[in-house]
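K.L.:
model this:
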Amino acid sequence: MNGANQLSFFRRPSDGVAAGDAIPFYSDGVYHLFYLATPPGTDHYPDRVRCSWRHVISTNLVDWEEKPTALSPSDNKNDPDTNGVWTGSVIFSKGQYHIFYTGHSLSAKFPQTICHATSNDCIHFEKDPNNPILVPDIQRYESIDWRDPFVFWNEDEELYWMLLSARLLNGPPNYRGCIVL
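P.N.:
Model (predicted):
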């Protein structure tokens, strides 16, 4: 596409927090944009990675309405997402909206796990009490770098597939990154 024909829009969160990892979703004429937002005033690890999932919606991709935060880190230090709710994906299935996301907990056996939340309206999400729903197989993968779930319907198989970013347990350090199905 010729650059002269491209349109771009810029939107900053109203409270000025850093935003990243856009997670788009479209449903019933509404564009949903979820994104990770760092806690206000944080610049350094580990506080900076205690992200939340913010949420804005639009019907025209120009005018945006802020919605309540979709997911926030848990206040319970034993939960798998006490130090952050990180990137994931959104789907609609069986009458509910589903978020699959990376739970981050610095002190857990598995610092990065795959977690799940559901909603009936794509605005108010409830975390799955069985979180985490997926942890790394430490026979094959490192216990960290188990994140960024992307869920999609595979028509040929007639079931949902999940891809995630991981790191193999063995091999040269700079060549162990992998995608897990």
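
K.L.:
how close does Pro80 sit to Gln112?
P.N.:
9 Å (Cβ to Cβ, to the nearest Å). Placement of C-beta: from N, CA and C, glycine included.

K.L.:
what strands flank the helix or strand of the chain with the lowest mean pLDDT, and is each parallel or antiparallel?
P.N.:
Confidence across the helices and strands of the chain bottoms out at strand 19-27, with a mean of 93, counting by mean pLDDT, DSSP states H and E. When sheet partners are counted by DSSP bridges, strand 19-27 sits next to strand 30-37 (antiparallel).

K.L.:
which parts of stretch 162-169 are buried?
P.N.:
162, 164-167 (16 or more other Cβ atoms under 10 Å).

K.L.:
typed the wrong thing, it's stretch 105-121
P.N.:
Here stretch 105-121 shows 105, 108, 110-117, 119 as buried, counting by 16+ other Cβ under 10 Å.

K.L.:
surely Ala108 is in contact with Asn76?
P.N.:
No - assessed by Cβ atoms under 8 Å, Ala108 is found out of contact with Asn76, at 11.9 Å.

K.L.:
show me where this protein has its strands.
P.N.:
19-27, 30-37, 52-58, 65-71, 85-93, 96-104, 112-119, 126-127, 147-154, 159-167, 177-180 (DSSP state E).

K.L.:
outside of the fifth one, which residues touch it?
P.N.:
Contacts to strand 85-93, defined as Cβ atoms under 8 Å, 6 or more residues apart in numbering, come from residues 21, 23, 25, 27, 32, 34, 36, 49, 51-53, 71-73, 97-104, 112, 114-115, 122, 147-153, 160.

K.L.:
need the overlap of contacts for Pro80 and Gln112.
P.N.:
With Cβ under 8 Å, 6+ apart as the test, Pro80 and Gln112 both reach Gly103.

K.L.:
from Val30, how far out is Ser107?
P.N.:
From Ser107 to Val30 the distance is 38 Å (Cβ to Cβ).

K.L.:
among the contacts of strand 85-93, which ones are buried?
P.N.:
For the contacts of strand 85-93, buried by 16+ other Cβ under 10 Å: 23, 25, 32, 34, 36, 49, 51-53, 71-73, 97-104, 112, 114-115, 122, 147-151.
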